[in-house]
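*Asks:* Everything below, folded, please.
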Amino acid sequence: MPEMQYCYCCRVHHPQSEMRLFPTRHGERWRCLRSIEAAAASRQSRDAFGQEQSRINRELARRQADFAHFSRRHQDSPRPTG
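*Replies:* Numbering: from 1, shown residues only. Purely as a prediction, here's the structure:
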């Protein structure tokens, strides 16, 4: 399994071969090549990339919230004794 790095832009892990250290105001952070290339594109392309990434992040957050809710419901429910 390839070593993975967390992309602060996408908020997901990518193989390290797809990552680069990117300078920010707060120091260097790992960022995927896809997000770096999108940032270098035209404003319209950047906006489209940002909107798509926001949609992906919202869906991921919704799924995580659903899973947490589902997990809590099953932890709190009484277990049948047999």
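*Asks:* From residue 44, how far out is the residue nearest in space to the middle of the chain?
*Replies:* Most central in the chain under Cα atoms, centre = their mean is residue 11, positioned 2.7 Å from the mean C-alpha point. With the distance defined as Cβ to Cβ, to the nearest Å, residue 11 ends up 23 Å from residue 44. Every C-beta, even on glycine, is put in place using the N, C-alpha and C of the backbone.
*Asks:* just residue 59 next, same as before
*Replies:* For residue 59, the distance to residue 44 - Cβ to Cβ - is 23 Å.
*Asks:* Ok, residue 68 next?
*Replies:* On the measure of Cβ to Cβ, residue 68 and residue 44 end up 36 Å apart.
*Asks:* so where does residue 55 fall, helix or strand?
*Replies:* Using DSSP states H and E, residue 55 maps to helix 43-76.
*Asks:* buried ones in that helix?
*Replies:* The neighbour-count check on helix 43-76 (16 or more other Cβ atoms under 10 Å) flags 49, 53 as buried.
*Asks:* other SSEs contacting that helix?
*Replies:* Contact analysis of helix 43-76 by 3 or more Cβ pairs under 8 Å, 6 or more residues apart in numbering; DSSP states H and E lists helix 33-39 as its packing neighbours.
*Asks:* Name the residues that touch the helix it packs on?
*Replies:* Helix 33-39 is contacted from outside by 7, 9, 10, 18, 19, 20, 22, 45, 46, 49, 50, 53, using Cβ atoms under 8 Å, 6 or more residues apart in numbering.
*Asks:* Apply 10 Å and report the result again.
*Replies:* Residues outside helix 33-39 that contact it (Cβ atoms under 10 Å, 6 or more residues apart in numbering): 7-10, 14, 17-20, 22, 31-32, 45-50, 52-53.
*Asks:* likewise stretch 45-52?
*Replies:* Contacts for stretch 45-52 (Cβ under 10 Å, 6+ apart): 9, 34, 35, 37, 38, 39, 40, 41, 42.
*Asks:* Of the residues you listed - the most surrounded one?
*Replies:* residue 35 (20 neighbours; other Cβ atoms under 10 Å).
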